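Trainee: my questions are about this predicted structure, shown below with the sequence.
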Amino acid sequence: MVPLNRGAASTMVKTGNYKLRASPAAGVGGMYATSNGTFKIVTTAAQVPSTFERQTWRITVVEGKKDTYTIVLVHKDEIALGGSWALDNVNEGYEDVPRGPIITAAEVFEWHITPTNNTSIHNTYLLRILTHRNFL
């Protein structure tokens, strides 16, 4: 994750706006998580003017749940409206093992985010969706 307007990186993810770079891209540049509309697959794309507004994600800490966050697209004017990360099979009965590509959904889902502690590529994290069963 590449934080926007943040100082030195820490091992904890703080609530804020982020550009999410696909790993294992190291160094400058790379491909970033890009929204393509509600219920559409989140793809990766370079940071170019045509994608800027679809590449900023609001990661918000879920209070009271360790390493648990929501990831929602930030629209212009810094407002997070819809476009929550989900998995493509989100409406297929919430299986024990979620599968499918990441999409943006109207409903907000929770994600477990933990650092990889990869010393060769700093600021890398594992993201895992919490299934419906985890909410009960």
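Mentor: Perfect, I can see it now.
Trainee: any idea how many residues pack against Arg58?
Mentor: Other residues near Arg58 come to 21 when the count uses other CB atoms under 10 Å. Just so you know, the C-beta spots here come from the backbone N, C-alpha and C atoms, and that holds for glycine as well.
Trainee: no wait, Thr119
Mentor: The number of residues packed around Thr119, counting by other CB under 10 Å, is 6.
Trainee: and what of Phe109?
Mentor: A count of nearby residues for Phe109, using other CB under 10 Å, gives 19.
Trainee: who are the contact partners of it?
Mentor: With contacts taken as CB atoms under 8 Å, 6 or more residues apart in numbering, Phe109 has the following neighbours: 70, 84-86, 90, 129-130.
Trainee: ok, and the most crowded of those residues?
Mentor: Within these, Trp85 tops the neighbour count with 26 neighbours, counted by other CB under 10 Å.
Trainee: quick check: closest non-adjacent residue to it.
Mentor: Using CB to CB, 6 or more residues apart in numbering and skipping the chain neighbours, the partner closest in space to Trp85 is Ile71 (4.1 Å).
Trainee: quick one, what contacts the one you found?
Mentor: If you count contacts by CB under 8 Å, 6+ apart, Ile71 has them with 20, 57-59, 84-85, 111, 127.
Trainee: Ser84 too?
Mentor: Contacts for Ser84 (CB under 8 Å, 6+ apart) come out as 70-73, 104-109.
Trainee: those in strands, which ones?
Mentor: Using DSSP state E to define strands, the subset of the contacts of Ser84 located there is 70-73, 104-105.
Trainee: can you map out the strands along the chain?
Mentor: Secondary structure of the chain by DSSP E: the strands cover 2-3, 16-19, 32-34, 43-45, 57-61, 68-75, 79-87, 102-105, 110-115, 125-129.
Trainee: just flag the most distant two among the ones in strands among the contacts of Ser84.
Mentor: Within the ones in strands among the contacts of Ser84, Thr70 and Thr104 form the most distant pair, 12.1 Å apart (CB to CB).
Trainee: how deep is Gly29 tucked in, by neighbour count?
Mentor: For Gly29, which is what you asked about, the neighbour count (other CB under 10 Å) is 10.
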